[in-house]
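**Q** Fold the stuff below for me.
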Amino acid sequence: MRVTPRRMGALAVAGALLMPLIAAPHPARAAGDKTGDKTYVMKLGLATINDSQHEWCKRFVAMVEKDSGGRIKGQIYPASQLGSIPREIEGVQFGEIQGYVGPPEFLSGVDPRFEITSAPGLITDIPHAVRVATDPQVQKLMFSFGADKGIHSVAIFIAQPSAVIARDPIRHLADFKGKKLRVLAAAMEQEMMNRLGATPVAMTLADVLPAIQQGAIDGALAAMTVYTTMHYWDASKYVTETGQPFIFTMAFLSKKWFDALPKDLQTILDADAGKAAAEMNPWEEAFYAKQREIWRQHGELISLPAAEQGKMMKLLSGVGDEVTKGDPQLHQAYDVFVDAVKRTK
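**A** Okay, here's the model as predicted:
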């Protein structure tokens, strides 16, 4: 195409008009604004709803979104919306899900040491559990597990003492015998039920309520807040407060996803996870007390006679040593946990 003097003049004028637009800073990056940076989606899965796990997710997401300037956007999926617990854990390992929140025992297939917190007879009450969960050595120990299997642990906080729900009331130790009771996927809880004369059945939480309703199992070992928030009184009215073992909660992020983040976002995630966990300990204590009263309105809370409770504790003592003695690495981790339990009494 022949460029005439008139056309050359027009091009010069157009170029002059475009130069300010080219030279001007992108509005998203002006004055230190980071809204133009890459946004990372953080999907968090959990099996429960409207409890401390769910509450931790809400607080954690709010903190991270604020501190990251919106560069991380959180999405929370309670009540197993992203799949069963094993599927959610696998999703975290492979980076398909960015986070999972739940009892560490469910990751015993990833690293057997995750189950040490479920040893019965160690934690005396909720304040004692808080001291254990906030102990620096316990946190260092628990956060070190699973790193070579795609897991980046970021938080540990209390849940509550275990309780047993059953279709027929368990009022005495003898009532455990012959019952099929759901437990977490941990050898500690399985051995506990064996010693009580019951048959342990490892089962993911989403399957427990219908299994009790249909009579596939006689009951379950779980948390009071699970029974209330998920209306377990539709299946049974009887909860026996054994108090053992104590249930802790941990939060796990996908190591694959975490390692790919900018360093400043990694720092924010680790710090905010700890802050949210610290807030959950007093929150959970008050929440647990309220849920016990809610259960009283719909069913019955049962305590074993004092002498039988003492007999049960003696019967369960040594479960941790028995389960871990064949695995030196597992036993060493258990010893560190027990030392912290004794040190914080």
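
**Q** drop to CA atoms for contacts and neighbour counts, all remaining ones
**A** Will do.

**Q** mean confidence score for stretch 238-249?
**A** Taken as a whole, stretch 238-249 has a mean pLDDT of 96.

**Q** what does stretch 322-332 give?
**A** On average, stretch 322-332 scores 96.

**Q** And that stretch, what's buried?
**A** Of all the residues in stretch 322-332, those buried under the rule 16 or more other CA atoms under 10 Å are Val323, Thr324, Leu330, His331.

**Q** Stretch 300-308 too?
**A** Those would be Glu300, Leu301, Ile302, Ser303, Leu304, for stretch 300-308 by 16+ other CA under 10 Å.

**Q** which of those residues lies closest to Ile89?
**A** In terms of CA to CA, no member of those lies closer to Ile89 than Leu301, at 33.0 Å.

**Q** wait, Asp168 sits on Tyr238?
**A** Yes: Asp168 is within contact range of Tyr238, at 7.0 Å (criterion: CA atoms under 8 Å).

**Q** Neighbour count: the two, which is higher?
**A** Tyr238 (24 against 14; other CA atoms under 10 Å).

**Q** Give me the phi and psi for that one.
**A** The phi and psi values for Tyr238, taken as degrees, to the nearest 10, are phi -110, psi 120.

**Q** wouldn't it be in contact with Glu300 here?
**A** Yes: in this structure, Tyr238 is within contact of Glu300 by CA under 8 Å, at 5.2 Å.

**Q** for the stretch 201-345 of the chain, which spans come out with low pLDDT?
**A** Scanning the stretch 201-345 of the chain for pLDDT under 70 picks out nothing.

**Q** For this structure, which segments count as helices?
**A** With DSSP state H, the ranges of helices along the chain come out as 5-23, 52-67, 85-94, 126-133, 136-143, 187-196, 208-214, 224-229, 255-259, 263-298, 306-316, 319-324, 328-343.

**Q** Output those helices in JSON lines, with distance to Met42 appended to each entry.
**A** Putting the helices of the chain into JSON lines (distance: least, CA to CA, whole Å) gives the following:
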{"stretch": "helix 5-23", "distance to Met42": "35"}
{"stretch": "helix 52-67", "distance to Met42": "9"}
{"stretch": "helix 85-94", "distance to Met42": "11"}
{"stretch": "helix 126-133", "distance to Met42": "25"}
{"stretch": "helix 136-143", "distance to Met42": "20"}
{"stretch": "helix 187-196", "distance to Met42": "32"}
{"stretch": "helix 208-214", "distance to Met42": "28"}
{"stretch": "helix 224-229", "distance to Met42": "25"}
{"stretch": "helix 255-259", "distance to Met42": "9"}
{"stretch": "helix 263-298", "distance to Met42": "11"}
{"stretch": "helix 306-316", "distance to Met42": "40"}
{"stretch": "helix 319-324", "distance to Met42": "35"}
{"stretch": "helix 328-343", "distance to Met42": "31"}
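
**Q** Indicate which one of those is closest to Ile247.
**A** Using CA to CA, the helices of the chain put helix 126-133 closest to Ile247, at 9.0 Å.

**Q** Leaving out sequence neighbours, find the closest residue to Glu241.
**A** Nearest non-adjacent residue to Glu241, counting by CA to CA, 6 or more residues apart in numbering: Ala163, 4.5 Å away.

**Q** That should have said Gln309, apologies.
**A** Closest to Gln309 by CA to CA, 6+ apart is Thr242, at 7.6 Å.

**Q** tell me which of the buried residues of stretch 322-332 is nearest to Glu189?
**A** Nearest to Glu189 among the buried residues of stretch 322-332 is Val323, at 9.9 Å by CA to CA.

**Q** hang on, the closest one packs against Met188?
**A** Yes: contact criterion CA under 8 Å: Val323 and Met188 qualify, at 6.5 Å.

**Q** Pull the contacting residues for Thr117.
**A** Pro104, Glu105, Phe246, Ile247, Phe248, Phe337 (CA atoms under 8 Å, 6 or more residues apart in numbering).

**Q** For the last one, grab the count of nearby residues.
**A** Around Phe337 there are 23 other residues, counting by other CA under 10 Å.

**Q** dump the residue contacts of it.
**A** Counted by CA under 8 Å, 6+ apart, Phe337 has contacts Ile116, Thr117, Val138.

**Q** biggest strand in this structure, by residue count?
**A** Secondary structure of the chain per DSSP state E: the longest strand is strand 151-166.

**Q** Look up how far Leu184 lies from Thr48.
**A** Noted for Thr48: a distance of 14 Å to Leu184, by CA to CA, to the nearest Å.

**Q** and what of Ile85?
**A** 11 Å.

**Q** Give the intersection of the neighbour lists for the two.
**A** By CA under 8 Å, 6+ apart, the residues touching both Ile85 and Leu184 are Phe106, Thr204.

**Q** if we can go back for a sec, neighbours around the residue nearest to Gln309, how many?
**A** For Thr242, the tally of surrounding residues (other CA under 10 Å) stands at 18.

**Q** Also Pro78?
**A** 19.

**Q** is it true that it touches Asp51?
**A** No: assessed by CA under 8 Å, Pro78 is found out of contact with Asp51, at 9.9 Å.

**Q** Name the nearest residue to Gly146, sequence neighbours excluded.
**A** Spatial nearest neighbour of Gly146, chain neighbours left out: Asp111 (5.8 Å); criterion: CA to CA, 6+ apart.
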